[in-house]
Structure formats: C-alpha cells, structure tokens
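Chemist: here is a sequence together with a model predicted from it:
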Amino acid sequence: MLGKILITGLVLAVTYFYWKKQLRQQESNHQQRAPQQPLAGQLEHPDRVRFAKVFVFLVVAVALLASGGYAYYDWQDKHTLLEVRVVNPVSGQDDVYEVYKKDLQEKAFTTRHGQHIRIANSERLEVRPLNEEESPF
C-alpha cells in the first residue's frame, strides 16, 4: 500500500517538474518573438485557471482521504479478535484459542500470543467474533 502511494507521488512530482519545464520553454520562446496583440479568444482567464487549480487540489485531497480511510478500515478489520474452537470429532476434545483475523488461514493459524497451530483434515474449526469483555485470557 505504501509503495503505491510512493509511486503515485513520484509520478505527480515528475509531471509537475515536466510541466514547469514546458512553461519555462514557452516563456522563453514567447520573449524571443515579436510582441503581438492577443486575439479576442486568446486572453487568459484567471478565474478559469484558479478554478482548475482548486479543482485539482480538491480531487487529490479527496483521493488521499478516501485511500487513508480505506487503509484504516482494512487495518481495523484485520485486527478483529476471533474465538477459534478446534474440534476433534474422533476424541471429542475441543480447544479454544484467540486469533486475530489477519492470522487465520484455512488449515493453520497463529494465536494472539504467538503460538502457531496447524489443523488436521479430520479436525473442524469453529470461528466467531470475540469481544474483549468475553476474553477468558
């Protein structure tokens, strides 16, 4: 995720510097030519330029806020605490563990305390959300 943001920032910086270079070249070319009277439709509209700058700034700000909100939601979802019950149908034994959602895989998981558990094909997993108040540990 951070790599995508850095690449986007790099692309924006390169585009900005290229645009500034183009403007400097246009200004130097314009100064070398003889001054001409602008035609009626060629006058710059400072209100349009200002509107375009504000619009681009707002679009970038909204995009950054949206991506930041999504990143926070994703982080929060991955850190949801789950109760995982491993049931052995042969012996009837069941064990209960606390696991973060990000650490739960199909046939293995890592507990909240760092213990790595692998599940046999004959065992069954029961998963449910766990509130912090219900934690037996």
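Modeler: Looks like it arrived, so ask away.

Chemist: right, and residue 98 touches residue 131 too?
Modeler: No: Residue 98 lies out of contact with residue 131 (Cβ atoms under 8 Å); the separation is 11.3 Å. In short, each C-beta sits where N, CA and C put it, glycine included.

Chemist: give the residues shared as contacts by those two.
Modeler: residue 81 (Cβ atoms under 8 Å, 6 or more residues apart in numbering).

Chemist: give the next helix or strand downstream of the lengthiest strand in the chain.
Modeler: When the chain is parsed with DSSP state E, its longest strand is strand 94-104. Where DSSP states H and E defines the elements, the next helix or strand beyond strand 94-104 is strand 108-111.

Chemist: what residues of that following strand count as buried?
Modeler: 109-110 (16 or more other Cβ atoms under 10 Å).

Chemist: quick one: buried residues of the longest helix seen in the chain?
Modeler: When the chain is parsed with DSSP state H, its longest helix is helix 46-78. Of the residues in helix 46-78, none count as buried by neighbour count, 16+ other Cβ under 10 Å.

Chemist: centre of the chain to it, how far?
Modeler: 12 Å (Cα atoms, centre = their mean, to the nearest Å).

Chemist: tilt between that helix and strand 94-104?
Modeler: Angle, helix 46-78 to strand 94-104, by axes from the mean of the first three to the mean of the last three Cα atoms, to 10 degrees: 160 degrees.

Chemist: tilt between the helix or strand that contains residue 8 and helix 46-78?
Modeler: Per DSSP H and E: residue 8 is located in helix 2-32. Angle of helix 2-32 versus helix 46-78, following the same axes, to 10 degrees, is 170 degrees.

Chemist: how distant is helix 2-32 from the center of its chain?
Modeler: 25 Å.

Chemist: if anything else comes up later, I'll come back, but that's it for now.
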